[in-house]
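Asks: okay, sequence plus prediction incoming.
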Amino acid sequence: MEEMKGANFEIDYSLCGPNAEFSVKRRLAEAVWYQTPVPRATMRKLLERRNWPGIRDCAIWFGLMGLFAYLTLNLWGSWLAVLPYLGYAVLYGTSSDSRWHESSHGTVFKIDWLNNVLYEIASFMVMRESTVWRWSHTRHHSDTIIVGRDPEIASFRPVQLFKFFFGFTGIPAAQTYFKKLFKHSSGSLF
(Lines give C-alpha, C1' and ligand atoms only; values in the text may rest on other atoms or scores of the structure.)
Protein backbone atom coordinates (compact mmCIF):
# COMPACT_ATOMS: atom_id res chain seq x y z
CA MET A 1 0.00 0.00 0.00
CA GLU A 2 3.09 2.23 0.06
CA GLU A 3 2.68 3.30 -3.52
CA MET A 4 -0.68 3.93 -5.11
CA LYS A 5 0.67 3.36 -8.63
CA GLY A 6 0.17 0.44 -10.95
CA ALA A 7 -1.67 -0.34 -14.14
CA ASN A 8 -4.18 -2.72 -12.53
CA PHE A 9 -4.67 -0.85 -9.25
CA GLU A 10 -8.32 -0.66 -8.19
CA ILE A 11 -9.11 2.65 -6.46
CA ASP A 12 -11.27 2.25 -3.35
CA TYR A 13 -13.44 5.37 -3.03
CA SER A 14 -15.15 4.31 0.21
CA LEU A 15 -14.69 6.47 3.30
CA CYS A 16 -13.49 3.50 5.38
CA GLY A 17 -11.17 1.89 2.83
CA PRO A 18 -7.36 1.88 2.55
CA ASN A 19 -7.28 5.01 0.39
CA ALA A 20 -8.82 7.07 3.20
CA GLU A 21 -5.90 6.19 5.48
CA PHE A 22 -3.43 6.73 2.65
CA SER A 23 -4.84 10.24 2.01
CA VAL A 24 -4.35 11.21 5.65
CA LYS A 25 -0.78 9.82 5.75
CA ARG A 26 0.15 11.70 2.57
CA ARG A 27 -1.36 14.92 3.99
CA LEU A 28 -3.86 15.15 1.16
CA ALA A 29 -6.77 15.29 3.60
CA GLU A 30 -7.70 18.31 5.69
CA ALA A 31 -5.52 20.55 3.53
CA VAL A 32 -5.26 24.32 3.86
CA TRP A 33 -7.10 25.82 0.92
CA TYR A 34 -6.32 28.85 -1.14
CA GLN A 35 -7.70 32.07 0.28
CA THR A 36 -8.50 34.96 -2.00
CA PRO A 37 -6.69 38.28 -1.39
CA VAL A 38 -10.03 40.15 -1.20
CA PRO A 39 -10.09 42.21 2.03
CA ARG A 40 -12.28 40.78 4.80
CA ALA A 41 -14.65 43.78 4.86
CA THR A 42 -15.23 43.53 1.11
CA MET A 43 -15.78 39.77 1.32
CA ARG A 44 -18.37 40.22 4.10
CA LYS A 45 -20.26 42.73 2.00
CA LEU A 46 -20.20 40.37 -1.00
CA LEU A 47 -21.45 37.47 1.14
CA GLU A 48 -24.28 39.39 2.80
CA ARG A 49 -27.47 37.33 2.64
CA ARG A 50 -30.76 38.92 1.57
CA ASN A 51 -34.25 37.50 1.16
CA TRP A 52 -35.59 39.42 -1.82
CA PRO A 53 -33.25 38.09 -4.57
CA GLY A 54 -33.91 34.49 -3.50
CA ILE A 55 -37.68 35.02 -3.31
CA ARG A 56 -37.68 36.70 -6.73
CA ASP A 57 -35.54 33.98 -8.34
CA CYS A 58 -37.61 31.15 -6.84
CA ALA A 59 -40.86 32.81 -7.94
CA ILE A 60 -39.52 33.12 -11.51
CA TRP A 61 -38.26 29.52 -11.42
CA PHE A 62 -41.49 27.97 -10.09
CA GLY A 63 -43.56 30.33 -12.26
CA LEU A 64 -41.78 29.26 -15.44
CA MET A 65 -42.07 25.59 -14.50
CA GLY A 66 -45.79 26.11 -13.87
CA LEU A 67 -46.20 27.90 -17.20
CA PHE A 68 -44.36 25.16 -19.10
CA ALA A 69 -46.39 22.46 -17.30
CA TYR A 70 -49.62 24.30 -18.20
CA LEU A 71 -48.58 24.63 -21.86
CA THR A 72 -47.54 20.97 -21.98
CA LEU A 73 -50.91 19.83 -20.65
CA ASN A 74 -52.84 22.08 -23.03
CA LEU A 75 -50.84 20.92 -26.04
CA TRP A 76 -50.93 17.24 -25.02
CA GLY A 77 -51.66 14.99 -27.98
CA SER A 78 -49.78 17.29 -30.34
CA TRP A 79 -46.09 17.29 -31.22
CA LEU A 80 -46.02 20.91 -30.01
CA ALA A 81 -46.24 19.60 -26.43
CA VAL A 82 -42.59 18.55 -26.73
CA LEU A 83 -41.31 22.15 -26.68
CA PRO A 84 -42.81 23.32 -23.37
CA TYR A 85 -42.11 19.88 -21.88
CA LEU A 86 -38.42 20.28 -22.73
CA GLY A 87 -38.46 23.73 -21.11
CA TYR A 88 -40.05 22.25 -18.00
CA ALA A 89 -37.58 19.36 -17.91
CA VAL A 90 -34.56 21.65 -18.27
CA LEU A 91 -35.74 23.93 -15.46
CA TYR A 92 -36.62 20.97 -13.23
CA GLY A 93 -33.49 18.95 -13.92
CA THR A 94 -30.81 21.62 -13.94
CA SER A 95 -31.92 24.47 -11.69
CA SER A 96 -33.03 22.27 -8.82
CA ASP A 97 -29.47 20.99 -8.26
CA SER A 98 -27.97 24.47 -7.89
CA ARG A 99 -30.80 25.50 -5.55
CA TRP A 100 -30.24 22.30 -3.56
CA HIS A 101 -26.56 23.18 -3.21
CA GLU A 102 -26.94 26.83 -2.25
CA SER A 103 -29.84 26.28 0.14
CA SER A 104 -27.86 23.51 1.88
CA HIS A 105 -25.22 26.15 2.60
CA GLY A 106 -27.90 28.63 3.69
CA THR A 107 -26.91 31.23 1.10
CA VAL A 108 -30.16 31.70 -0.82
CA PHE A 109 -32.10 33.55 1.88
CA LYS A 110 -31.24 35.48 5.01
CA ILE A 111 -33.97 33.62 6.93
CA ASP A 112 -32.87 30.07 7.80
CA TRP A 113 -36.29 28.44 7.60
CA LEU A 114 -36.68 29.65 3.98
CA ASN A 115 -33.34 28.01 3.14
CA ASN A 116 -34.52 24.79 4.84
CA VAL A 117 -37.86 24.75 2.96
CA LEU A 118 -36.10 25.27 -0.37
CA TYR A 119 -33.51 22.64 0.58
CA GLU A 120 -36.21 20.04 1.28
CA ILE A 121 -38.07 20.81 -1.97
CA ALA A 122 -34.87 20.76 -4.04
CA SER A 123 -33.69 17.55 -2.30
CA PHE A 124 -36.92 15.88 -3.41
CA MET A 125 -36.52 17.23 -6.94
CA VAL A 126 -32.96 15.90 -7.34
CA MET A 127 -33.79 12.66 -5.48
CA ARG A 128 -31.45 13.14 -2.53
CA GLU A 129 -32.40 12.19 1.00
CA SER A 130 -32.02 15.53 2.72
CA THR A 131 -30.53 14.55 6.10
CA VAL A 132 -27.96 12.09 4.75
CA TRP A 133 -26.93 14.46 1.95
CA ARG A 134 -26.53 17.43 4.29
CA TRP A 135 -23.89 15.46 6.21
CA SER A 136 -22.37 13.99 3.07
CA HIS A 137 -22.03 17.44 1.55
CA THR A 138 -20.37 18.79 4.67
CA ARG A 139 -17.88 15.92 4.44
CA HIS A 140 -17.38 16.70 0.74
CA HIS A 141 -16.35 20.27 1.53
CA SER A 142 -13.92 19.08 4.20
CA ASP A 143 -11.76 17.08 1.75
CA THR A 144 -12.95 17.86 -1.78
CA ILE A 145 -11.87 15.32 -4.43
CA ILE A 146 -9.63 13.39 -2.02
CA VAL A 147 -10.04 9.67 -2.69
CA GLY A 148 -11.31 7.87 0.39
CA ARG A 149 -12.34 11.12 2.08
CA ASP A 150 -14.87 12.73 -0.29
CA PRO A 151 -18.16 10.80 -0.64
CA GLU A 152 -19.32 12.98 -3.55
CA ILE A 153 -16.64 12.44 -6.18
CA ALA A 154 -18.68 12.60 -9.37
CA SER A 155 -16.50 10.58 -11.72
CA PHE A 156 -14.21 7.76 -10.63
CA ARG A 157 -10.86 7.14 -12.31
CA PRO A 158 -10.31 5.78 -14.79
CA VAL A 159 -13.41 7.41 -16.24
CA GLN A 160 -15.80 4.92 -17.81
CA LEU A 161 -17.38 6.97 -20.57
CA PHE A 162 -20.60 4.94 -20.80
CA LYS A 163 -21.26 5.27 -17.06
CA PHE A 164 -20.31 8.95 -17.17
CA PHE A 165 -22.76 9.81 -19.98
CA PHE A 166 -25.44 7.42 -18.68
CA GLY A 167 -25.33 9.42 -15.45
CA PHE A 168 -26.89 12.38 -17.29
CA THR A 169 -30.14 10.40 -17.62
CA GLY A 170 -30.61 10.41 -13.85
CA ILE A 171 -31.34 6.67 -13.80
CA PRO A 172 -28.22 5.69 -11.78
CA ALA A 173 -28.93 8.52 -9.30
CA ALA A 174 -32.53 7.30 -8.86
CA GLN A 175 -31.37 3.72 -8.23
CA THR A 176 -28.82 4.90 -5.67
CA TYR A 177 -31.40 7.20 -4.08
CA PHE A 178 -33.94 4.45 -3.44
CA LYS A 179 -31.30 2.04 -2.09
CA LYS A 180 -30.05 4.71 0.33
CA LEU A 181 -33.58 5.78 1.23
CA PHE A 182 -34.63 2.25 2.23
CA LYS A 183 -31.36 1.68 4.07
CA HIS A 184 -31.71 4.96 5.98
CA SER A 185 -35.38 4.39 6.77
CA SER A 186 -34.45 1.01 8.30
CA GLY A 187 -32.10 2.77 10.71
CA SER A 188 -28.77 2.15 8.98
CA LEU A 189 -26.56 4.84 7.51
CA PHE A 190 -23.92 2.57 5.97
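Replies: The structure has been received and is ready for your questions.
Asks: in this protein, where is pLDDT below threshold?
Replies: Segments of the chain classed as low confidence (criterion: pLDDT under 70) are 1-10, 31, 145, 149, 151, 154, 189-190.
Asks: residue ranges of the helices in it, please?
Replies: Along the chain, counting by DSSP state H, helices occupy 18-25, 40-46, 52-74, 82-90, 96-105, 112-125, 130-142, 161-166, 171-185.
Asks: and the longest one, what does it pack onto?
Replies: Based on contacts counted as 3 or more CB pairs under 8 Å, 6 or more residues apart in numbering; DSSP states H and E, the elements that helix 52-74 packs against are helix 82-90, helix 112-125. Where C-beta positions appear, they are placed from N, C-alpha and C, glycine not excepted.
Asks: before we move on, what about the fourth one?
Replies: When contacts are defined as 3+ CB pairs under 8 Å, 6+ apart, helix 82-90 sits against helix 52-74.
Asks: most packed of the helices and strands packed on helix 52-74?
Replies: Most buried of those, by mean neighbour count (mean count of other CB atoms under 10 Å): helix 112-125, with a mean of 16.
Asks: now for the helices and strands packed on helix 52-74, which one comes closest to residue 165?
Replies: Residue 165 sits nearest to helix 82-90 of all the helices and strands packed on helix 52-74, at 17.5 Å, using CB to CB.
Asks: how far does the closest one sit from its chain's centre?
Replies: In terms of CA atoms, centre = their mean, to the nearest Å, the centre of helix 82-90 is set 22 Å apart from its chain centre.
Asks: about what we covered before: for residue 105, find the nearest of the helices and strands packed on helix 52-74.
Replies: Nearest to residue 105 among those is helix 112-125; the distance by CB to CB comes to 8.2 Å.
Asks: and the closest one with helix 52-74, angle?
Replies: Orientation check (axes from the mean of the first three to the mean of the last three CA atoms, to 10 degrees): helix 112-125 against helix 52-74 gives 30 degrees.
Asks: so what touches stretch 161-181?
Replies: The set of residues external to stretch 161-181 that reach it, using CB atoms under 8 Å, 6 or more residues apart in numbering, is 93, 126, 127, 128, 129, 132, 155.
Asks: so how far is that stretch from its chain's centroid?
Replies: 13 Å.
Asks: and residue 110, what does it touch?
Replies: Contact partners of residue 110, counting by CB under 8 Å, 6+ apart, are 49, 50, 51.
Asks: so which of those wins on neighbours?
Replies: Neighbour tally across the contacts of residue 110 (other CB atoms under 10 Å): the maximum, 14 neighbours, falls on residue 49.
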